[in-house]
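A.B. asks: Quick one: sequence and predicted model below, then my questions.
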Amino acid sequence: GVSWRIEGIDVPNPNHFAKHGTSGGGLSILSAQVIGNSDFFSGAMPAEFGNALAATFDIKLREGNYSKKAFKVRASMLGIDVATEGPFKNKRSSFLVNYRYSTLGLMNWLTFYLVGNRTVNTFSDLSFNLIFNSKNLKNKTTVFGVFGKSMDHAFPQPEPEKRKVGVLDDWEERIRPSDMGVLGITHTRNINARSSLKFVAAATLSRILRYSDTLSFEDVHFRYNTEKYIDNRLSTNIAYLNKLSNSLKLKTGIQIQLMDFEFNRTTLPRSSMNDLTTQTNGKLIWANGKGSSTVAEAYAVLEKVWLDKIYLNAGFHNMHFFFNNTNSFEPRIALKYSPNVRHIVAASYGLHSQLLPMSTYFVARKTNDKAPFQYDYPNQNLAFPRSEHIVLSYRTMLAKDFKLTTELYSQNISRSLVQENKESNFWILNASDGYPGITNMVATGKGFNKGVDISVEKLFYSKYFLMFTGSLYDAKFKTYAGDI
């Protein structure tokens, strides 16, 4: 349910060991060395953010040092970081480059396996941000890139006589690579003192593969599961900002993503765990799709201030998926009141929707019982899942450097996918990995989330910082039969 952005453009899941259909992973591809001031919106996001059911992480990359060059090496439990930054010749521009290799990979090389018995986990990533300012500082161009590779490789028991029938880890070899990359360019032009235009273009790639083999007593490999999830995109984002008056601001923009994808999952079912290499009734296709499509988004936001105490942010976001001509129009509004510098009361409302994991549209349904099997694809007209957010918050300064924040929230989810079966409790937002494997899905599921978040934060002052947070929440959903 989380959407990721880097430098104003939507990107694939930027985490190592990513699982298809999710927005998280083992650890971030972005090192802390390169992340600048970034924003995380956990509900009722402003209208410029779309294609997110639950939250948006808007990441900005840090700019390099404009005055002197620096070089840094850091070792941690995660990895070895090597970073360099500094100015270009004219000192109006700068560079920042960071490379990281996993500590786990180094430990595996030394034959220490920390994750699990006979399991190798390695990752590496590269990030850079190049900044070019014009002489009059009215124009800024950046070139940025984020690339990550990870591998999860589980080996079988190397001695066949020690393999126990029924213990999958003894007999299986599982190879699970995942790659992610973004290469982009931004150009910001200050048209005049009141307006600016920002253009972002990027090429993104996401590749997640899975190979699962069973070995015989003679170490013959039997490939029983093959999965391929490839999603490459060319994206553009144009944003226009105009300060109409000292108290009124307009921001509007569009984002277009040209998608090229290939999805496939095939299995050769085994007859039993006692017969590890004999297939049953031929190869089965669980999902299959290859092609291209387009997602287009547009938004407009008005920000109004009264007497430096009342702040209004209102707008809309519209998303259209050309593959099946699905559309979502989403109003957003937020109101904040600050009677003085110590107290802030706010309320916000937003309607949000998100594209399903692309492979969901290509889940294959077998239409005959004997090989060679025939298939159709019943999920191709599914609607966007939708979530209605309401958030109330209160923030106060308890002392000079202590801040208390309390948020009450409600999320009503609709059009979520459930299985058209009264005995099933399938709910797609609980699916954590890969293809759902279910063909008879309908967009009639509903969910209800509510809760309260409380945090006490000590701002960085007198050489230290701290934060204490707590949450109390309730999350429920309805099955196809209507059970909660």
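C.D. replies: Ah, there it is.

A.B. asks: Once you drop chain neighbours, what's closest to V97?
C.D. replies: Spatial nearest neighbour of V97, excluding adjacent residues (C-beta to C-beta, 6 or more residues apart in numbering): F128 at 4.5 Å. Quick note: C-beta positions are derived from backbone N, CA and C, even for glycine.

A.B. asks: so that neighbour is in which element?
C.D. replies: If you go by DSSP states H and E, F128 is part of strand 119-133.

A.B. asks: Following element in sequence after that strand, please.
C.D. replies: strand 139-154.

A.B. asks: For the nearest residue to N421 once chain neighbours are set aside, grab the count of nearby residues.
C.D. replies: Nearest residue to N421, sequence neighbours excluded (C-beta to C-beta, 6+ apart): Y480, at 6.2 Å. Counted with other C-beta atoms under 10 Å, the neighbours of Y480 add up to 21.

A.B. asks: Quick check: phi and psi on Y480?
C.D. replies: Backbone torsions of Y480, given as degrees, to the nearest 10, read phi -60, psi -30.

A.B. asks: Report the contact partners of it.
C.D. replies: Y480 makes contact with 418-422, 424, 426, 442, 444-445, according to C-beta atoms under 8 Å, 6 or more residues apart in numbering.

A.B. asks: Can you tell me how far it is from V442?
C.D. replies: 7 Å (C-beta to C-beta, to the nearest Å).

A.B. asks: Now do the shared contacts for these two.
C.D. replies: Listed as contacting both Y480 and V442 by C-beta under 8 Å, 6+ apart are 418, 420.

A.B. asks: I figured D474 was touching V452, is that so?
C.D. replies: No: using C-beta atoms under 8 Å, D474 makes no contact with V452, being 10.2 Å away.

A.B. asks: Compare these two (neighbour count), which wins?
C.D. replies: Applying other C-beta under 10 Å to D474 and V452 shows that V452 carries more neighbours, namely 13 against 8.

A.B. asks: For the stretch 301-450 of the chain, which residues score under the pLDDT cut-off?
C.D. replies: Within the stretch 301-450 of the chain, the segments meeting pLDDT under 70 span 433-436.

A.B. asks: ok, 50 please
C.D. replies: Applying pLDDT under 50 to the stretch 301-450 of the chain picks out no residues at all.

A.B. asks: returning to that earlier point: neighbouring strands of the strand holding F128 in the sheet, and parallel or not?
C.D. replies: Paired strands of strand 119-133, with direction, are strand 94-102 (antiparallel), strand 139-154 (antiparallel) (DSSP bridges).

A.B. asks: Reformat those as TSV; add mean pLDDT, distance to D170 and mean neighbour count.
C.D. replies: Below are these laid out as TSV (pLDDT from 0 to 100; distance: least, C-beta to C-beta, whole Å; neighbours: other C-beta atoms under 10 Å):
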stretch	mean pLDDT	distance to D170	mean neighbour count
strand 94-102	93	26	21
strand 139-154	94	11	19
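
A.B. asks: So which bits of whatever helix or strand G181 lives in are buried?
C.D. replies: Counting by DSSP H and E, the element that carries G181 is strand 172-190. Residues 172-174, 176-182, 184-186, 188, 190 are the ones in strand 172-190 that count as buried (16 or more other C-beta atoms under 10 Å).

A.B. asks: So what's the gap between it and the chain middle?
C.D. replies: Taking C-alpha atoms, centre = their mean, to the nearest Å, the mean C-alpha location of strand 172-190 is offset from the chain mean by 11 Å.

A.B. asks: tell me what it is packed against?
C.D. replies: Under the contact definition 3 or more C-beta pairs under 8 Å, 6 or more residues apart in numbering; DSSP states H and E, strand 172-190 sits against strand 9-11, strand 139-154, strand 195-215.

A.B. asks: Direction-wise, compare the second one with strand 172-190 and give the angle.
C.D. replies: By that I understand strand 139-154. 170 degrees (axes from the mean of the first three to the mean of the last three C-alpha atoms, to 10 degrees).
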